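Asks: A structural model of the following input is requested.
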Amino acid sequence: MYKKSVALAVSSLFFSLGAQAQQPDKAEPPSEIVQVYTEAAREVSVLDATEPNINKRIAAYDKFSFSPQLRPRLQAIFGTDKPFALQRLPDSRGRKHYQSMLKAGSHTDKQGHAAWSDIILKGDTSAAGNQINYTGEMASLNVGVASRLQLSDLRLAGSQARASDGLWYGDVNMSVARIAVEDGTAGKLLMEDLRFKTDMQRRGKTVDLAYGLSIRSAGAGEHQVERINVATRVLGMDGQVMADFTRFASSPQLQQLAPAAQTQVMLRKFKELGVALLKGGVSVVIDDISAAWRGQVASIKGRIDFAKATDAELNSLPAIVKKLAVRLEVRVPVVIIEEFSRASAVKAVKSRPPAEQAANPAQMAALEQNMADKVMADIRQSGFAVVDKDEVRTVIELKNGVLTLNGKGPSMFGLKNGKLPMPSTPMPVPAR
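Replies: The predicted structure is shown next:
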């Protein structure tokens, strides 16, 4: 779904990162850079985001000028009164080419500091204005005061085409070589080689949306996860519902609202979107959610289906549960469970009075091993999972309102043989 321009999309990411990392105290007024961006976004929102021809939308932004009151503030921060001004490049192979750049700079006020490298955006569009390819890159971004964010080598690439319903289908890929966050109390959180992608496709009257996220390593200090991977798909979303929601989210009327009012309106619209999608039925496929720690990989795969429902069924918890069909395969290495158990034992012992704590390292090691052995024994005896030499695995299923783990219905947390206690009265209908 393509917004007003690639420049605005990237600038939104740029400023939102700054806004999150810069504010030391919610009682303090926002940094000038955040205030200027908020006002710039409001002024740009007068452009028609529903215009189907992307070339006309780009041309409208090219002719656009910010207000006389805002231009000096933009100039003071960014060295230009029109950030991401467009440059038309020579056409080739029937496509129109554009480039946009925000020069490297910095800004400091009492709320914080921001410094950025050149942000370079490039795009090419079809003559009909219904297709676009684009790329973006930024070598570095540093923001913060109470907390600090350092971002290195951000890259963006996308290829999209507009369909007859007005939605832009295709893929978007983003990568960041390194993200470091430091708040002065919890130490430094470091993530390396982060990659995010989405792919939206039309399938007849429905829309499928795929998400992917991978991180080569993440953690703070000695607490490191070697690899994180998320690959999911949302299938069968009602295309008309998605188109209507997108048009509303892009409407100038919404963009003209104050940020707090925008948030309230969008929260309500997201709830309405969720209800509408559930009425039509939707599926979530988990191709892979996994993480590696010390060479050991824990993973979840499976599928969650929600059958078509009426308004009355969506107001009944028993009916909602029966509409759900869940099957998840969970695998966890024994080593991870044992290490987690040992860490829990250490934490429990340290919470005791000094006289009750372990007297020496050997005694502490014995307590840790006893805890690990007990946890593994409990898992084996429960029957809720299969324990192999190196791995604990189970299948979580919810079918016809009954939950099972490894084929066995648990009686815990309010469940009785896998069945949820159900209210005898309908759920209250939320006010709109």
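
Asks: I'd like to know how many residues surround residue 151.
Replies: Residue 151 has 24 neighbours, counted by other Cβ atoms under 10 Å. In short, each C-beta sits where N, CA and C put it, glycine included.

Asks: helix/strand/coil for it?
Replies: Following DSSP: H, G, I helix; E, B strand; the rest coil, we place residue 151 in the strand state.

Asks: Quick check, it in contact with residue 140.
Replies: Yes: at 6.7 Å, residue 151 counts as touching residue 140 under the criterion of Cβ atoms under 8 Å.

Asks: what's the overlap in contacts for the two?
Replies: Both residue 151 and residue 140 lack any common contacting residue under the criterion Cβ atoms under 8 Å, 6 or more residues apart in numbering.

Asks: and stretch 312-326, which residues are buried?
Replies: Applying a neighbour-count criterion of 16 or more other Cβ atoms under 10 Å, one finds 313-314, 316-317, 319-323 buried in stretch 312-326.

Asks: Switch those over to a markdown table; also include secondary structure, pLDDT and distance to residue 267.
Replies: Listed next are the buried residues of stretch 312-326 as a markdown table, based on DSSP: H, G, I helix; E, B strand; the rest coil; pLDDT from 0 to 100; distance: Cβ to Cβ, whole Å:
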| residue | secondary structure | pLDDT | distance to residue 267 |
| --- | --- | --- | --- |
| 313 | helix | 91 | 24 |
| 314 | helix | 91 | 18 |
| 316 | coil | 88 | 24 |
| 317 | helix | 87 | 22 |
| 319 | helix | 90 | 25 |
| 320 | helix | 91 | 21 |
| 321 | helix | 90 | 25 |
| 322 | helix | 91 | 28 |
| 323 | helix | 93 | 24 |
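
Asks: now those in CSV, with distance to residue 76?
Replies: As requested, the buried residues of stretch 312-326 are exported to CSV (distance: Cβ to Cβ, whole Å):
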residue, distance to residue 76
313, 57
314, 52
316, 58
317, 56
319, 58
320, 54
321, 57
322, 60
323, 56
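
Asks: Nearest to residue 238 among these?
Replies: Comparing the buried residues of stretch 312-326 against residue 238 with Cβ to Cβ places residue 314 closest, at 14.6 Å.

Asks: need the contact list for the closest one.
Replies: Contacts of residue 314 were listed using Cβ under 8 Å, 6+ apart, and they are 275, 278-279, 320.

Asks: Any of these buried? List them.
Replies: The neighbour count (16+ other Cβ under 10 Å) marks 278-279, 320 as buried among the contacts of residue 314.

Asks: Please, where are all the helices along the stretch 251-400 of the chain?
Replies: Counting by DSSP state H, counting those that start in this stretch, one finds helices in the stretch 251-400 of the chain at the ranges 252-255, 259-280, 311-314, 317-323, 334-350, 361-382.

Asks: May I see those arranged in JSON lines, with distance to residue 114 as well?
Replies: Formatted as JSON lines, the entries for the helices of the stretch 251-400 of the chain read as follows, by distance: least, Cβ to Cβ, whole Å:
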{"stretch": "helix 252-255", "distance to residue 114": "24"}
{"stretch": "helix 259-280", "distance to residue 114": "19"}
{"stretch": "helix 311-314", "distance to residue 114": "45"}
{"stretch": "helix 317-323", "distance to residue 114": "46"}
{"stretch": "helix 334-350", "distance to residue 114": "38"}
{"stretch": "helix 361-382", "distance to residue 114": "46"}
